[in-house]
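> Based on what follows, work out the 3D shape:
(2 chains)
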There are 2 protein chains.
Amino acid sequence: MSQLEHRKADARLLILNPDGTPAKDRPVRIDQTSHQFLFGCGAFDTVAMMKTQDETKRAFLRDRMDKWLGLFNYGTLPFYWGRYEPEEGRTAYPETMAAAKWLREKGVQVKGHPLCWHTACAPWLMQYDNREILRRQLERIHRDVTAYKGVISLWDVINEVVIMPVFDKYDNAITRICREKGRIRLVREVFAAAKESDPDAVLLINDFNTSVSYEILLEGLLEAGVPISAIGIQSHQHQGYWGLETLNDVLARFSRFGLPIHFTENTLISGEIMPGHIVDLNDWQVDSWPSTPEGEERQAREISEMYSVLFAHPQVEAITTWDFNDGCWLKAPSGFVRQDNSEKPSYKALQELIHGKWETHETLKTDAEGFVSFRGFKGGYTLSADGRKAHFSLDTSLDTQLKPE
Amino acid sequence: MSQLEHRKADARLLILNPDGTPAKDRPVRIDQTSHQFLFGCGAFDTVAMMKTQDETKRAFLRDRMDKWLGLFNYGTLPFYWGRYEPEEGRTAYPETMAAAKWLREKGVQVKGHPLCWHTACAPWLMQYDNREILRRQLERIHRDVTAYKGVISLWDVINEVVIMPVFDKYDNAITRICREKGRIRLVREVFAAAKESDPDAVLLINDFNTSVSYEILLEGLLEAGVPISAIGIQSHQHQGYWGLETLNDVLARFSRFGLPIHFTENTLISGEIMPGHIVDLNDWQVDSWPSTPEGEERQAREISEMYSVLFAHPQVEAITTWDFNDGCWLKAPSGFVRQDNSEKPSYKALQELIHGKWETHETLKTDAEGFVSFRGFKGGYTLSADGRKAHFSLDTSLDTQLKPE
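Residues are numbered from 1 along each chain as shown, chains lettered A, B, ... in the order given. As a prediction, this is how the structure comes out:
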């Protein structure tokens, strides 16, 4: 497991008795309770859960989110402008903030997605001229990043810039300003607005385009000084699993910028594969898209392989699967649970990695001076000794003393 | 012909008699002798003509170049590093400079192609480390741009940057440094070297990739302040004529930068079309590629249409057809003349545009104060009156006096 050494750190702990003396030759139990790595998933249902007044629905969603929490420590919440603010000034702040806080209380990091995008944009913006659209776009970023500061600390600042100015499916306010200003100037302005509002936030650019176009765009943006914290890569694989060759090629090409890489929107399905001739996945409209037993086994295998490759890559810091349950985007069988919340093989497969193979649990013994040493996966830990407990974080090499209580 | 108004200018000329008095009510003849627009073609054979000691070959090439001069006012000469300097320090300067001067004496503008490219690069560069390769690349640009200053005033500074760092057909020195530095930094340095060496030269970037990748690259380069004088677009159409839709799409997408556009390497063939599945045109290796009568008629029609669209576009300032004669690159039937120098229908078709439809020749009469006014295509003119002649340039609106001698 040497390719995972970058995910681990060494700890040397001096364990103290309640009276402050070293606890010599004592058995201690080390249990990892959280991951430094961001294992993420769409968490849109938490917003629905906060909003609904239907108890049955709430209980169903709560059951779903409990399963969600059994896997993940990182959730994506929706900030599509047209849905977040369907009428100018009337936002989904209450339920979105409630959802974000609920997730944070469960130890989950939250990302807002996205602050600027041509799709699902607010139609009412189109009444304004380009100068005013841009002013309102920047104002929106200032407003929302400021409002959620301390709760949401990761943002997909801008989404799908490669096609943004040439997007021609329908007229929209953001394509208009991107066409006029150019990609680089627009990205620079929206990132500047986000950075001003929360200098410590992790700011992502995100794209489904993994071609040389995105590479060249990133190069141009970095040369232009845009403060990109991490490169977001979508990997919706409705048309079939990329496989190792494509995955490694994408990693090789996007790691050369030296920035962290986030897989932001991963999809692997457990049903029939969408035909390869479809260019825009949204063009594939079906009445139903069933999950099949063979498909579920395949999905579990593909998820295990893909997550293993990404977790082993030193620059990857996050993997987010887009849909937690089947039947969401494009009605695809893309979840870890079915529509009735029953767990699919992929749920168990990922659980065995995240909370099995990649988690550290050990029983150790302090030495004659009260020390224990171990090497474990980075994250949060509980140490138990003589029925008492202490908590610590193993983020880098750690040399400290603990007094369990 | 209103879409060609930008190619024309107004002249108001006061014609003087030998004694300086106005030549009133006199017939005058206006003949355009050259174009402001750059109608170009590969002129590699002038280098061969300068180099050969074989009189028969020289006469054959001279005949070819006479036909060439019957169409064009702009020639591309080869500066492929590996051929220009096959051994370090031993360059093709004598024959290349002789060719450039010969062309300039015939009123032809000359472009050097290219100063930096991964293909046809000097193999001896690979003995050096990347730092030294870059130093020598910049030194080469300084040396050659300085040496030809005043003779060659247009340069393809860098060629095919979109694929440059990911080019994987064979190892070469330029891909190495582009991969290490990134596209934008390399382009910035080679342009800076060219600009320092000849601040007045027209400096082009050139690519066969007309996708969104090239657009994004250009945007990044312009944001980074690279002094690109004109955008070079290759249009080798061995796999069939682009047609109006593609041509207009390319023009729309690349004109938004507000820079002049040069079609730098145009090919339309008069034989069978190369199959569409070939990705790198160089992979199509044939023993012979015949020109056919139907193909020659088609080529003539396509050339007429394409040149008409480009001449009508206000930002296009140059069109260069790559091969003057058949059987050059890829052995394609891509010329205006056959291998025996006989003129093809495309030769006559283009002649009828450049030296027919798009050239101004008029017989006028001075008014009672000795003035003639006309509107004509931009370029050089001869005015004849009473057996005497004067020369003038119509580049913008002109209001001057002339004394034919």
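> hey, where'd the strands end up in the stretch 51-200 of chain A?
If DSSP state E, counting those that start in this stretch is used as the criterion, the strands of the stretch 51-200 of chain A fall at A:74-78, A:109-113, A:154-159.
> Among the ones you listed, show me which one is buried the most.
strand A:154-159 (a mean of 28; mean count of other C-beta atoms under 10 Å in any protein chain shown). For the C-beta atoms, the positions are set from N, CA and C on the backbone; glycine is no exception.
> neighbours of whichever residue of the stretch 51-200 of chain A sits closest to chain B, just the number please.
In the stretch 51-200 of chain A, the residue that lies nearest chain B is residue A:184 (4.8 Å; C-beta to the nearest C-beta). The burial count assigned to residue A:184 is 21, neighbours taken as other C-beta atoms under 10 Å in any protein chain shown.
> dump the residue contacts of it.
By C-beta atoms under 8 Å, 6 or more residues apart in numbering or on different chains, the contact set of residue A:184 is A:217, A:220, A:221, A:224, A:226, B:219, B:220, B:223.
> Which of these fall in strands?
Of the contacts of residue A:184, none are assigned to strands by DSSP state E.
> TSV please, covering these and showing neighbour count, pLDDT and distance to residue B:379.
Converted to TSV, these look like this (neighbours: other C-beta atoms under 10 Å in any protein chain shown; pLDDT from 0 to 100; distance: C-beta to C-beta, whole Å):
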residue	neighbour count	pLDDT	distance to residue B:379
A:217	26	98	41
A:220	26	97	38
A:221	25	98	43
A:224	17	96	41
A:226	21	98	45
B:219	22	97	34
B:220	26	97	36
B:223	19	96	36
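> Widest-spaced pair of these?
A:226 and B:219 (12.8 Å; C-beta to C-beta).
> what's near enough to touch whichever residue of the stretch 151-300 of chain A sits closest to chain B?
Using C-beta to the nearest C-beta, the point where the stretch 151-300 of chain A gets nearest to chain B is residue A:220, with a distance of 2.4 Å. By C-beta under 8 Å, 6+ apart, residue A:220 lies in contact with A:183, A:184, B:184, B:216, B:217, B:219, B:220, B:221, B:223, B:224.
> quick one: residue A:360 and residue A:32, what's the gap?
5 Å (C-beta to C-beta, to the nearest Å).
> could you point out the longest helix in chain A?
helix A:293-312 (DSSP state H).
> Please name every helix or strand in contact with that one.
Applying 3 or more C-beta pairs under 8 Å, 6 or more residues apart in numbering or on different chains; DSSP states H and E, one finds that helix A:293-312 makes contact with helix A:243-255, strand A:316-321, helix A:345-352.
> Pick the most buried one from the ones you listed.
Ranked by mean neighbour count, those are led by strand A:316-321 with a mean of 23 (mean count of other C-beta under 10 Å).
> Report the inter-axis angle for that one versus strand A:109-113.
Counting by axes from the mean of the first three to the mean of the last three C-alpha atoms, to 10 degrees, strand A:316-321 points 70 degrees away from the direction of strand A:109-113.
> quick one: strands adjacent to strand A:316-321?
Strand A:316-321 has the following strand partners under DSSP bridges: strand A:38-42 (parallel), strand A:261-267 (parallel).
> Redo those strands as TSV? Include mean neighbour count.
TSV is the format used below for the strands paired with strand A:316-321 (neighbours: other C-beta atoms under 10 Å in any protein chain shown):
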stretch	mean neighbour count
strand A:38-42	24
strand A:261-267	24
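> Now render those strands as JSON lines, adding mean pLDDT.
Formatted as JSON lines, the strands paired with strand A:316-321 follow (pLDDT from 0 to 100):
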{"stretch": "strand A:38-42", "mean pLDDT": "98"}
{"stretch": "strand A:261-267", "mean pLDDT": "98"}
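> Adding distance to residue B:236, write those strands out as TSV.
Shown next, in TSV, are the strands paired with strand A:316-321 (distance: least, C-beta to C-beta, whole Å):
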stretch	distance to residue B:236
strand A:38-42	46
strand A:261-267	36
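> which regions of chain A lie under the pLDDT threshold?
A:1-2 (pLDDT under 70).
> Quick one: name the residues of it near chain B.
Contacts of chain A with chain B, taken as C-beta under 8 Å from any C-beta of the partner chain, map to A:162-163, A:166, A:182-185, A:211-213, A:216-217, A:219-221, A:223-224, A:253.
> Show me those that map onto helices.
Going by DSSP H, the helices hold A:183, A:184, A:185, A:212, A:213, A:216, A:217, A:219, A:220, A:221, A:223, A:253 from those.
> farthest pair in these?
Top of the distance list for those (C-beta to C-beta): A:185 and A:253, 24.8 Å.
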